[in-house]
Every structure is written in structure tokens, then in C-alpha cells.
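> here you go, sequence then predicted model.
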Amino acid sequence: MDKKVLIENILSLKERYNAVILAHLYQNSDVQDIADFVGDSLELSRKAQAAEGDVIVFCGVRFMAETAKILNPGKTVLLPDADAGCPMADMISAEDLVNLKDAHPNAAVICYVNSGAEIKALSDISCTSSNAVKVAASIEEKEIIFVPDKNLGRYVSTFFPDKRFILFEGFCPTHNKIKLSDLESVRAVRPNTPILVHPECLPEVVQKADFVGSTAQIINYVAKSDKEEFVIGTESGVIHSLSKLCPTKKFYSLGNAMICPNMKKTTLESVYHALDKMQYKIELDADIAKKASVSLNRMLSL
Ligand code: 13P
Ligand code: SF4
């Protein structure tokens, strides 16, 4: 189908089914452009919770669509590509977390929202990359089990030297592959260009960066800065939103193209088919969803 026709069809189906389209900042440019709202994980959770209408088409990865369903269970939540998962979220099983809790019975559990519903159900509180430090600050316990991202966990732990963090060995393949040597090479060529990275990057990369933040925090940093050039250390989809927001500024990717293959699975075609066939519906075990909502709502209430 011709792109223009595809977009027209999506918009008319959206109206027919009273749907809202939410897209993560890592999505393909075309998908970002037809969304009602584009944002980071935290912003999308809030939008999903407040969504009116009947259907939420979630252009992102599975854990994000699950989060939308948990926070707004009355809606039909669609993930346009059934295989759009997050390898980091899949690295930890419920059994792994139960074992960690058994080994550290006095510890509070923070789960990064990049995790399955079962992991959230077993955790005291969730966090995203933009509020992880704030979430950890709200914990009274001296010991914190942080799952599944070891890099984000280590970054957060640097703000709380008095607490003991027990980290799980999960990581994001897209962010974890950026090496300190990548940062040093770009620094050598562009010594005055700020390097902005996501906290899912390796600790040595995070330590040498000029700014560390979630995708939306990186965008806010660029929008407020009087600099004209930036090196972006997160998934390349962000550069589309950055270029729209700040068309005169220049962006360079840190390392070779940082692409999350799962985020790129959603296309205009899959969004069209999602609405046309009402696929793929997120269905969750009611008991797990209820428990997971406690951990998510605790985060959102902070
Ligand atoms: P944000 O919390 O910045 O949206 O990041 C989500 C994510 O999947 C990062 O890889
Ligand atoms: Fe998961 Fe990394 Fe992709 Fe984010 S960028 S969805 S953490 S694999």
C-alpha cells in the first residue's frame, strides 16, 4: 500500500475504533510521526494510564505494552508486532528473582520497568531510567535488590554509598556494546561536543559522559542547551525527535549505529494491521497484573 494511503487508513481506523497511538522515542520515524504521543517509558506509562477511548496501540516493545495494560486494564492494548520483545527483560526469570529474595530477605526489590509482569509482581517498586534515583531514594531498607539491568543498577548505586545494592547480571545489548574507546574516539575528534548517554550504557562510559539521562531527559538537555552539536549515546530513533525539535542543531551517534532491532520491528504496515485486525492483544494473568500494578503505581505516586 502506498505510504500516504496507509497513513490515511491508519487515521480512519483509529477514529473508528476510538484508539490512541503511543510510540516510544526509539520507534521508526514513520511510526513516531503518526503517533498521538511520543515519549520515554515513564511518559508513556503516564499517558497509557490516563488514556481515554477504547484502544491503545502501543508502538514499542512488549514490556511497555504490558505496562499500559496493567495501568489501564479496561482498555484493549495492542502490540503491533507480536515479536517485539526486550532481550534485557527476558534475561531474568521469576525463579531468578525468588532466589535473590531468598538469599537477601531484608532487601527491598526495585525492578526496572524493562521487565516482565511477573518480575514486577514480585518487586516492591518499579522504576524507569528517568526516575530510578528518585525511586531508590524512597527506599528505607539498607539493602536493595535491583533487577534486571546491572548498568542502571550500578549507576543508581553511586548516589547511595550507604546502601548495599545487589545487582542482577542483565543488560541491554544495544547500549552495553558501546565501549569506552568509542567515547574516547569521538571525544578526540569533537572535544567540545557534549556526549549524552543513557544509563543503560557501561559504567565507564557513563562516568566519562557529560550528561546521563533517559531518552526524554536527553531531549530536554538538548532543547535547553545553547550548544549546536551533540553526541547521542542512546538508540538512534531519538535523533528523529531531536531533529524535529531542534532542526538547526547537529547530532552524531556514539559508536556505530545504536539500533534496537526489536524497537524497529513496528512499521506503518504493522500499525495498520494492528488496528484492522485488532492484533496483538495484551492478555495478562489477572493475579499477576494486580500485583504488578502495586509496584508500578507505587512508582507513579512518587
Ligand atoms: P527510556 O526509559 O529512556 O524510555 O528507555 C527505555 C529503554 O528501553 C532504554 O533502552
Ligand atoms: Fe530493551 Fe535495549 Fe531495546 Fe531498550 S534498547 S527495548 S533495553 S533491548
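Yes, it's here. Ligands and ions are numbered 1, 2, ... in the order given.
> in the stretch 1-150 of the chain, which spans are strands?
In the stretch 1-150 of the chain, the segments counted as strands under DSSP state E, counting those that start in this stretch are 19-24, 37-39, 55-59, 76-78, 108-112, 125-127, 143-147.
> can you list the residues of this protein near ligand 1?
Residues of the chain lying close to ligand 1 by C-beta under 6 Å from any ligand atom are 40-41, 114, 128-130, 172, 198, 200, 214-215. The C-beta positions use only the backbone N, C-alpha and C, and glycine is treated the same way.
> that older thread, now the strands of the stretch 1-150 of the chain as TSV including mean neighbour count?
Formatted as TSV, the strands of the stretch 1-150 of the chain follow (neighbours: other C-beta atoms under 10 Å):
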stretch	mean neighbour count
strand 19-24	24
strand 37-39	20
strand 55-59	27
strand 76-78	23
strand 108-112	26
strand 125-127	27
strand 143-147	24
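> could those go into CSV alongside mean pLDDT and distance to N99?
Supplementary listing: the strands of the stretch 1-150 of the chain in CSV, determined by pLDDT from 0 to 100; distance: least, C-beta to C-beta, whole Å:
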stretch, mean pLDDT, distance to N99
strand 19-24, 98, 31
strand 37-39, 97, 34
strand 55-59, 98, 31
strand 76-78, 98, 31
strand 108-112, 98, 12
strand 125-127, 98, 20
strand 143-147, 98, 11
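> among these, which is nearest S93?
Evaluated with C-beta to C-beta, the strands of the stretch 1-150 of the chain place strand 143-147 nearest to S93, the distance being 10.6 Å.
> count of residues packed around the closest residue to S138 other than its chain neighbours?
Setting aside the residues directly before and after it, S138 is nearest to L302 in space (C-beta to C-beta, 6 or more residues apart in numbering), at 5.8 Å. L302 has 11 neighbouring residues, counting by other C-beta atoms under 10 Å.
> the nearest residue to P173 once chain neighbours are set aside: what's it in contact with?
Taking C-beta to C-beta, 6+ apart, and ignoring the residues beside it in sequence, P173 has P87 as its nearest neighbour in space, at 5.5 Å. The contact partners of P87, by C-beta atoms under 8 Å, 6 or more residues apart in numbering, come to 172-173, 262.
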